[in-house]
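Enquirer: I'll drop the sequence and a predicted model, then ask my questions.
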Amino acid sequence: MQPLYYDVAVSADGYICGVNEDISRFPQSGPIVDAYLARLTSYAVAVMGAATYQFGLNVGLPAGANPYPMMRSVVCSKHMQFPQSAEISVIRDRSVEAVAKLRRDCDGPIYLCGGGQLAGSLLSAGLITALRLKRAPILLGGGVRLFENTTSMPELRLVDQTAYEDGTLYQELLIL
């Protein structure tokens with residue numbers, strides 16, 4: 001079974017984006033972003049919720065395009081429509097079961113890139129292996145939480161941590 005890593009930027013108050021999908025206060029360049037881009041090469045598949053994919057569309061990603069061309073991408077969406085030529089796979093129903101199957105059948109680690117709704121469901125189902133958090137020293141006060149509507153609060157074990165000069169902090173936490 002392949003690991004599933006929730007690799008995401010998060011504010012000090014637990015938001016992965018602010019109100020109106022604002023990510024402008026998160027680092028857009030620098031060592032923590034470089035380390036993230038290097039980690040992307042280790043993943044076989046990216047999994048995301050509809051709102052995360054829609055965010056990409058809102059900033060210019062063409063409909064059906066793969067936002068991570070170095071890996072296969074899967075979008076969990078019941079209602080989004082994609083062109084016949086879409087470069088992504090779509091999970092329409094029972095995303096938790098489909099992601100569990102993906103973990104069993106995939107040929108490499110899986111990158112959960114968002115969002116909070118999907119992450120909450122997958123955490124509740126025990127499918128997330130570890131958190132890879134790019135913690136920014138900012139307060140957003142609202143937006144999308146790291147985990148939305150989760151019923152699970154598992155124990156965590158810190159296995160890696162790097163503090164950067166700009167105040168950002170990378171943490172990898174195993175879910176026990």
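Expert: Thanks, I have the structure now.

Enquirer: so what's residue 79 closest to, chain neighbours aside?
Expert: Leaving aside its chain neighbours, residue 79 sits nearest to residue 50 (7.2 Å; criterion: Cβ to Cβ, 6 or more residues apart in numbering). Quick note: C-beta positions are derived from backbone N, CA and C, even for glycine.

Enquirer: give me every residue that touches the one you found.
Expert: Neighbour list for residue 50: 75-80 [criterion: Cβ atoms under 8 Å, 6 or more residues apart in numbering].

Enquirer: please redo it, this time with the cut-off set to 7 Å
Expert: 75-77, 80 (Cβ atoms under 7 Å, 6 or more residues apart in numbering).

Enquirer: Could I get the pLDDT score of it?
Expert: According to the prediction, residue 50 has pLDDT 95.

Enquirer: where do the helices sit along this structure?
Expert: 31-40, 50-58, 95-105, 116-124 (DSSP state H).

Enquirer: looking at those helices, which is closest to residue 4?
Expert: Closest to residue 4 of the helices of the chain, according to Cβ to Cβ: helix 95-105, at 5.9 Å.

Enquirer: which secondary structure elements does the closest one contact?
Expert: With contacts taken as 3 or more Cβ pairs under 7 Å, 6 or more residues apart in numbering; DSSP states H and E, helix 95-105 sits against helix 116-124.

Enquirer: Give me the nearest residue to residue 83, chain neighbours excluded.
Expert: Closest to residue 83 by Cβ to Cβ, 6+ apart is residue 64, at 4.5 Å.

Enquirer: check contacts around the one you found.
Expert: Here residue 64 is in contact with 82-83, 85-88 (criterion: Cβ under 7 Å, 6+ apart).

Enquirer: Model confidence at the residue nearest the centre of the chain, what's the number?
Expert: Geometric centre of the chain, nearest residue: residue 113, 1.7 Å, by Cα atoms, centre = their mean. If you check residue 113, the pLDDT there is 95.
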